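Student: no FASTA, just this:
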Ligand code: NAD
Ligand code: MG
Ligand code: MG
Ligand code: MG
Ligand code: MG
């Protein structure tokens, strides 16, 4: 019988989430082995952090709980070829994002418990907050409960990550998958970066200095987001001038208006009905031609060049960026 209090854990993948999970779980007292492809890009990092690194097949053979923390698009093949044939009878299979299970790309074996623990933050933050005695909130869900203890496994794992110090919320694979995709597309990554680029372009096209445009629409965003994080929009408004507040009230709704919200609803519909995932899988299987083109276009945007020069003048920022990058490797 698997131990729910002290499960043997295998973490497959040692990237953003994998490294943070493995380190936090080990510091919380769990036995953790890391499963990676021999010679893969993160193997040396896991070994340098003191983990026993095995192949994914070997790592899962004795594990009570297996966390699948590889990129979403490789999980189907990994599950079918390596995990399904090697997972212990009755093991608990854990994901940090519900995409593959929710959209039916992975159909887990009947004997397994299948759960989700998704930290609401990037891996570097999951680790950093844990190290200073805090945590990143986690949402958890149960897809399949064969043992009757699936929820307990999820909560034990989320506790080991430090998530319980902040908050744990029960969800479903459907809710986590759809809200996570919507958040990163419409607001966090897609929406925020497009807003910054459009603001920068507007100022520069009107003849203002790119350096000043950079400070205004990108650099200063950090203060605003820190205030959101700490006390919501109310707190941000308390800290900006009356003039800035009035401008917020009358101009914000002209930028993000009913039309923008209609586009957000379209995006959500395409996530819910599987259109987005179908396109993403086709793009991945074709070797990422459009993805690479979009990625290059973002790198080539003029705001990146000016930002690089301006950030180089702030030595403290350079140190911060370097240590963060190191903790994400
Ligand atoms: P990542 O790209 O940072 O790391 C992936 C790791 O898997 C690397 O160690 C890589 O070498 C390894 N890997 C790749 N292919 C493999 C294979 N075939 N077999 C074994 N190992 C392989 O990934 P990530 O961003 O940490 O994402 C992992 C999961 O966590 C995903 O499901 C993602 O949706 C979820 N998630 C990520 C974040 C985030 O902030 N990055 C937040 C919440 C949830
Ligand atoms: Mg997310
Ligand atoms: Mg996501
Ligand atoms: Mg973009
Ligand atoms: Mg200002």
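Tutor: Alright, I've got the coordinates. What you see is a predicted model; the values in this text were computed from it and never measured. Ligands and ions are numbered 1, 2, ... in the order given.
Student: Please identify the helix or strand for the residue of the stretch 151-300 of the chain found nearest ligand 3.
Tutor: Sorted by distance to ligand 3 under CB to the ion, the residues of the stretch 151-300 of the chain start with residue 180, at 4.4 Å. All C-beta spots, glycine's among them, are computed from the backbone N, C-alpha and C. Assigned by DSSP states H and E, residue 180 belongs to helix 173-182.
Student: Check which helices and strands that helix sits against.
Tutor: Contacting helix 173-182 under the criterion 3 or more CB pairs under 8 Å, 6 or more residues apart in numbering; DSSP states H and E are the following elements: helix 99-102, strand 113-119, strand 138-144, helix 258-272.
Student: Residue ranges in this structure under the pLDDT threshold?
Tutor: Per-residue confidence for the chain (pLDDT under 70) gives these ranges: 1-2, 319-329.
Student: sorry, back to before: mean neighbour count, the helices and strands packed on helix 173-182: which tops it?
Tutor: strand 113-119 (a mean of 26; mean count of other CB atoms under 10 Å).
Student: Can you mark which positions in the helix or strand following that one are buried?
Tutor: Toward the C-terminal end, the helix or strand that comes next after strand 113-119 (DSSP H and E) is helix 123-131. Of all the residues in helix 123-131, those buried under the rule 16 or more other CB atoms under 10 Å are 123, 124, 125, 126, 127, 128, 129, 130.
Student: out of those residues, who's nearest ligand 3?
Tutor: Minimum separation from ligand 3 among those (CB to the ion) is found for residue 123, which lies at 11.7 Å.
Student: what does the stretch 201-329 of the chain put close to ligand 3?
Tutor: When proximity is defined by CB under 5 Å from the ion, the stretch 201-329 of the chain lies next to ligand 3 nowhere.
Student: any idea where the helices of the stretch 201-329 of the chain begin and end?
Tutor: With DSSP state H, counting those that start in this stretch as the definition, the stretch 201-329 of the chain shows helices at residue ranges 210-214, 221-239, 242-255, 258-272, 275-285, 289-300, 302-312, 315-328.
Student: ok, now which ones touch the closest residue to ligand 1 within the stretch 151-300 of the chain?
Tutor: Of the residues in the stretch 151-300 of the chain, the one nearest ligand 1 is residue 180, at a distance of 7.2 Å by CB to the nearest ligand atom. Each residue near residue 180 by CB atoms under 8 Å, 6 or more residues apart in numbering is listed here: 97, 98, 118.
Student: try residue 65
Tutor: Going by CB under 8 Å, 6+ apart, residue 65 touches 2, 7, 8, 9, 10, 91, 92, 94, 153, 157.
Student: for the residues you listed, which one is nearest residue 69?
Tutor: Within the contacts of residue 65, the smallest distance to residue 69 is 8.9 Å, found for residue 94 (CB to CB).
Student: Going by contacts, tell me the helices and strands next to the strand or helix carrying that closest one.
Tutor: Assignment of secondary structure by DSSP H and E places residue 94 within strand 92-95. In this structure, strand 92-95 makes packing contacts with strand 65-68, strand 113-119, helix 150-161, judged by 3+ CB pairs under 8 Å, 6+ apart.
Student: Could you dump the helices of the stretch 201-329 of the chain into JSON lines with distance to residue 71 added?
Tutor: Listed next are the helices of the stretch 201-329 of the chain as JSON lines, based on distance: least, CB to CB, whole Å:
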{"stretch": "helix 210-214", "distance to residue 71": "31"}
{"stretch": "helix 221-239", "distance to residue 71": "26"}
{"stretch": "helix 242-255", "distance to residue 71": "33"}
{"stretch": "helix 258-272", "distance to residue 71": "18"}
{"stretch": "helix 275-285", "distance to residue 71": "9"}
{"stretch": "helix 289-300", "distance to residue 71": "12"}
{"stretch": "helix 302-312", "distance to residue 71": "24"}
{"stretch": "helix 315-328", "distance to residue 71": "14"}
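Student: most packed of these?
Tutor: Most buried among the helices of the stretch 201-329 of the chain, counting by mean count of other CB under 10 Å: helix 210-214, with a mean of 17.
Student: ok, residues contacting it?
Tutor: Under the contact criterion CB under 8 Å, 6+ apart, helix 210-214 has outside partners 199, 200, 203, 204, 302, 303, 306, 307, 309, 310.
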